[in-house]
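Enquirer: return atomic coordinates for the entry below.
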Amino acid sequence: MTNVPDDAFVAIGLFEKRIYVVPSLDIVAIRLGGRNPSWNDNQFLGRVCAACVEYPDMFGVALSDPIPTDVPS
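Expert: A predicted model of the protein is given here:
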């Protein structure tokens, strides 16, 4: 894939299910859609990566952050 970091990889499942992982950007993205002949892995993951680079604090938490221990159960 040309629009994503070199450390990106994908697990491809039945009916175009996908698990995309980009360790350098702390991204795990999942596609659960059905068959689509126009689906483009590079375009999808490229957009996800670009959004994470452009808006790194959008969710306020990175996967590398420690898990909070003071959350009520």
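Enquirer: where's the residue most central in space within the chain, which helix or strand?
Expert: Nearest to the geometric centre of the chain sits residue 29, at 3.2 Å (C-alpha atoms, centre = their mean). Assigned by DSSP states H and E, residue 29 belongs to strand 27-31.
Enquirer: average pLDDT across the helix or strand following that strand?
Expert: Counting by DSSP H and E, the element after strand 27-31 in chain order, helix or strand, is helix 41-54. Summarised as a single mean, pLDDT over helix 41-54 is 88.
Enquirer: any stretches of this structure with poor pLDDT?
Expert: 58-73 (pLDDT under 70).
Enquirer: cutoff 50 now
Expert: Nowhere does the chain drop to pLDDT under 50.
Enquirer: buried set for stretch 20-35?
Expert: The neighbour-count check on stretch 20-35 (16 or more other C-beta atoms under 10 Å) flags 20, 21, 22, 25, 27, 31 as buried. Where you see a C-beta, it was placed from the backbone N, CA and C, and this is true even at glycine.
Enquirer: count of neighbours near the closest residue to the third one other than its chain neighbours?
Expert: This points to residue 22. Distances taken as C-beta to C-beta, 6 or more residues apart in numbering place residue 8 nearest to residue 22, at 4.5 Å, with adjacent residues excluded. Neighbour count for residue 8, taken as other C-beta atoms under 10 Å: 21.
Enquirer: isn't residue 8 up against residue 28?
Expert: No: using C-beta atoms under 8 Å, residue 8 makes no contact with residue 28, being 10.9 Å away.
Enquirer: find residues that contact each of the two.
Expert: 20, 21 (C-beta atoms under 8 Å, 6 or more residues apart in numbering).
Enquirer: coming back round to it: and the buried residues of stretch 20-35, which is closest to residue 42?
Expert: residue 20 (10.6 Å; C-beta to C-beta).
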